[in-house]
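[1] The sequence isn't on hand, but the structure is:
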Ligand SMILES: *Cc1c(COP(=O)(O)O)cnc(C)c1O
């Protein structure tokens, strides 16, 4: 498999000066880009336009693309061929009575990621004639889902791919699940006696646990357990490198890092093991500079420092055999191939090459046997395999109708605003924009002091939106948008209500502003005419997504298609009313599906039950020669299940409603028929999905 991508090994050609703060330089380019897209909209919209707009070839390659029907397609085996129409797949899953939101897991993608990682290291080892092997592990914390971990073990078997545990429960998973001879179980995290003894005893089951000392106190526990059980453990040390990390997880390394030992502490560990007579147990050096390392130079620096420490430990008499480079192998969420936090300026092959080359050089210099290389790549293995599909329930938009005509006898403020509205042109729109804002503010003061009636205020708001719409039309055709008018796009943006909880399904988007590619999975041969943010089902104002991937920096609005009104009268939009009086909710729509990609690492497991929206449905798909098959379906939480998490008992709840209904019946406040309906609805809700169905 040739993985050499278009990224240059010599990263000087890669733009690596991108930063979070907008410089005027990047700004300019943004505008050119937007204008470029704008001028293309005048021609008829093509799927190539959608590819460019959503950047799918950047972040999706080789798994996701768009077919001629304007649907997203998935090629789960990457370059090896075979593909699925994602839209049709969703439709057919829905027909099996599995509702949205839904996670679709592609086992073949997981397999391909594991193959790729191992192939890259094999290639690097061959290229540099490195005299040892690679033996990776999957960090269970990335996605502890049982089917997924089992698949990692299965697909990893040919490469003796192991597991990394960061806690006691994860250790229990690793010991029970990993049945590959010689595959490593790296035991990280805080440890107590029970953790250490369990790990050591796993040796008796033929496993290969390596206990990584993260705190000085753990050495004594290891020595004691070793004596008590008469088992010689394999021990590692986690070092706090002085190499600076980068991005969100930069604090994982350095003197103040939470985990790991500084150099004096490592020397102390060596001495303790030596006096206990088990210095030959110390065989592994581990470090972890943080997740999503976007810059290859940080990785190189870390490897260089760690290689020296490895060599020194060997010279101190430890029986060094493994160098574990931790996680950090990044994902290109925005497809920009830069060192932006949502991207990376290197590919997997560059990563493997640099590790192999640096370690080899350091060892050769001191005549030390090169170590078995271990990486704990989680994000890079688990992200692509999972696609989250959700539907749009409704939309809230700035009203589109013509504003009212204002007569000479009406309130002066209305006349002023009307005049502003009528006079808007290419020459004065900037001034008109500020006038409209000012008149609106004045009218609200007038209203608050009782000088303006509510019907007059309604007219003010209609005129105000009318002004903005006119200005927006002018801006659509203009070459450039003045800085002070940039807010306008945001003010005029639609809010798409999505059948999802951000807290449950994309927690990092809420907690740390992480970006994930989000796009429609159909209608991609049609122009997306709306600009929108996404609002979720929770009643929390943080429950929204208003940052989206872009070529440079981020964009605050996502291009989406106008919802198509259906003529099916049975359908209704569950969202009736918006809080904002200036907006209105359109009603009955054809299904519109969006997908969030690359969320297979961390998102599922860190999600929470805010508003008691539970786990979503999960379907495992595997390609077959004739198409695909659904391997597993894991139904999402029912209301009974989420209520149980917070210690409500569903029988008790039903009983309470039954008693209250009985009381109301006695008092003739409810009819028998109503009481039956109430109980039926109550009970059927308890056993159903926590999300909306339509
Ligand atoms: C989180 C973590 C990993 C996984 O990092 P990725 O960047 O997801 O590959 C590996 N090792 C340790 C010690 C971790 O804490």
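    Alright, I've got the coordinates. None of the values given here were measured: they were computed from a predicted structure. Numbers count the residues shown, from 1 in each chain.

[2] Spell out the secondary structure type for the nearest residue to residue 250 once chain neighbours are set aside.
    Distances taken as CB to CB, 6 or more residues apart in numbering put residue 290 closest to residue 250, at 6.1 Å, once the chain neighbours are dropped. Where you see a C-beta, it was placed from the backbone N, CA and C, and this is true even at glycine. Put simply, residue 290 is coil when judged by DSSP: H, G, I helix; E, B strand; the rest coil.

[3] name the element residue 652 belongs to?
    Using DSSP states H and E, residue 652 sits within helix 650-666.

[4] which other residues reach the next helix-or-strand element following that helix?
    Using DSSP H and E, the helix or strand that follows helix 650-666 in sequence is helix 672-686. Contacts to helix 672-686, defined as CB atoms under 8 Å, 6 or more residues apart in numbering, come from residues 638-640, 643, 650, 653-654, 657-658, 661, 664-665, 670.

[5] Throw those into a markdown table and include distance to residue 308 and pLDDT, thanks.
    Supplementary listing: these in a markdown table, determined by distance: CB to CB, whole Å; pLDDT from 0 to 100:
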| residue | distance to residue 308 | pLDDT |
| --- | --- | --- |
| 638 | 55 | 95 |
| 639 | 57 | 95 |
| 640 | 57 | 95 |
| 643 | 55 | 94 |
| 650 | 60 | 95 |
| 653 | 62 | 96 |
| 654 | 66 | 96 |
| 657 | 68 | 96 |
| 658 | 72 | 96 |
| 661 | 74 | 96 |
| 664 | 77 | 97 |
| 665 | 81 | 96 |
| 670 | 78 | 96 |
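
[6] Drop anything exposed from those.
    Neighbour-count burial (16 or more other CB atoms under 10 Å) applied to the contacts of helix 672-686 gives 638-640, 643, 650, 653, 657, 661, 670.

[7] Tell me which helix or strand comes right after the helix or strand containing residue 355.
    If you go by DSSP H and E, residue 355 is part of helix 348-366. Counting by DSSP H and E, the next helix or strand C-terminal to helix 348-366 is strand 372-374.

[8] same for that next one, what does it pack against?
    The contact analysis (3 or more CB pairs under 8 Å, 6 or more residues apart in numbering; DSSP states H and E) places strand 372-374 against strand 322-324, helix 348-366.

[9] Tell me which of those lies nearest to the ligand.
    Of all the helices and strands packed on strand 372-374, it is strand 322-324 that lies closest to the ligand, at 8.4 Å by CB to the nearest ligand atom.

[10] And the residue of the chain found nearest the ligand, how far from residue 601?
    Closest residue of the chain to the ligand, CB to the nearest ligand atom: residue 327 (2.0 Å). Separation of residue 327 from residue 601 (CB to CB, to the nearest Å): 10 Å.

[11] Likewise for residue 505?
    13 Å.

[12] Against the centre of this structure, work out the most remote residue.
    Relative to the centre of the chain, the most outlying C-alpha is that of residue 409, 56.7 Å out, by CA atoms, centre = their mean.

[13] Up against the ligand, what does this structure have?
    Proximity of the chain to the ligand, by CB under 6 Å from any ligand atom, involves residues 139, 141-142, 166, 188, 288, 291-292, 326-329, 376-380, 601.

[14] go again using 8 Å as the cut-off
    Residues of the chain lying near the ligand by CB under 8 Å from any ligand atom: 139, 141-142, 164, 166, 188-189, 238, 249, 252, 259, 286, 288, 290-293, 326-330, 375-382, 601-602.

[15] Mark which of those are buried, thanks.
    139, 141-142, 164, 166, 188-189, 238, 249, 252, 259, 286, 288, 290-293, 326-330, 375-382, 601-602.

[16] So which of those residues sit within helices?
    Taking DSSP state H, the ones among these that sit in helices are 379-382.

[17] Reformat those as JSON lines; add pLDDT and distance to residue 264.
    Below are these laid out as JSON lines (pLDDT from 0 to 100; distance: CB to CB, whole Å):
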{"residue": "379", "pLDDT": "97", "distance to residue 264": "32"}
{"residue": "380", "pLDDT": "98", "distance to residue 264": "33"}
{"residue": "381", "pLDDT": "98", "distance to residue 264": "35"}
{"residue": "382", "pLDDT": "98", "distance to residue 264": "36"}
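
[18] so residue 424 touches residue 470, yeah?
    Yes. Using CB atoms under 8 Å, residue 424 is in contact with residue 470, at 4.6 Å.

[19] Just the buried positions in stretch 487-499, please.
    Neighbour-count burial for stretch 487-499 [16+ other CB under 10 Å]: 488-489, 492-499.

[20] Now do the phi/psi pair for residue 390.
    Main-chain dihedrals, residue 390, degrees, to the nearest 10: phi -140, psi 160.

[21] contacting residues around it?
    For residue 390, the contacting residues are 100-102, 498-500, 505, 593-596, by CB under 8 Å, 6+ apart.

[22] one step back: overlap in contacts, residue 327 and residue 601.
    378-379.

[23] Can you show me the strands along the stretch 551-694 of the chain?
    Counting by DSSP state E, counting those that start in this stretch, the stretch 551-694 of the chain has strands at residues 554-555, 558-560, 584-585, 593-596, 617-624, 627-634.

[24] what's in contact with the first one?
    By CB under 8 Å, 6+ apart, the list of residues contacting strand 554-555 from outside reads 334, 342, 515, 547-549.

[25] okay if I get these as CSV plus neighbour count, secondary structure and pLDDT?
    Listed next are the contacts of strand 554-555 as CSV, based on neighbours: other CB atoms under 10 Å; DSSP: H, G, I helix; E, B strand; the rest coil; pLDDT from 0 to 100:
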residue, neighbour count, secondary structure, pLDDT
334, 24, coil, 95
342, 28, coil, 92
515, 22, coil, 94
547, 19, coil, 94
548, 22, strand, 96
549, 27, strand, 95
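
[26] In CSV: the residues you listed, plus distance to residue 563.
    Putting the contacts of strand 554-555 into CSV (distance: CB to CB, whole Å) gives the following:
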residue, distance to residue 563
334, 26
342, 28
515, 25
547, 22
548, 19
549, 23
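
[27] So which elements touch the longest helix along the chain?
    Secondary structure of the chain per DSSP H: the longest helix is helix 454-477. Judged by 3+ CB pairs under 8 Å, 6+ apart, helix 454-477 is in contact with helix 412-423, helix 429-448, helix 486-491.

[28] Under the pLDDT cut-off, which ranges of the stretch 551-694 of the chain? List them.
    For the stretch 551-694 of the chain, residues meeting the criterion pLDDT under 70 lie at 567-587, 694.

[29] Which pLDDT value belongs to residue 541?
    pLDDT recorded at residue 541 is 87.

[30] Now do residue 201 against residue 211, distance only.
    Distance check for residue 201 against residue 211: by CB to CB, it reads 12 Å.

[31] Kindly report the same for residue 164.
    If you go by CB to CB, the gap between residue 164 and residue 211 works out to 12 Å.

[32] ditto for residue 383
    In terms of CB to CB, residue 383 sits 29 Å off from residue 211.

[33] Comparing these two, which residue is more hemmed in?
    Higher neighbour count among residue 383 and residue 211: residue 211, with 26 against 23, using other CB atoms under 10 Å.
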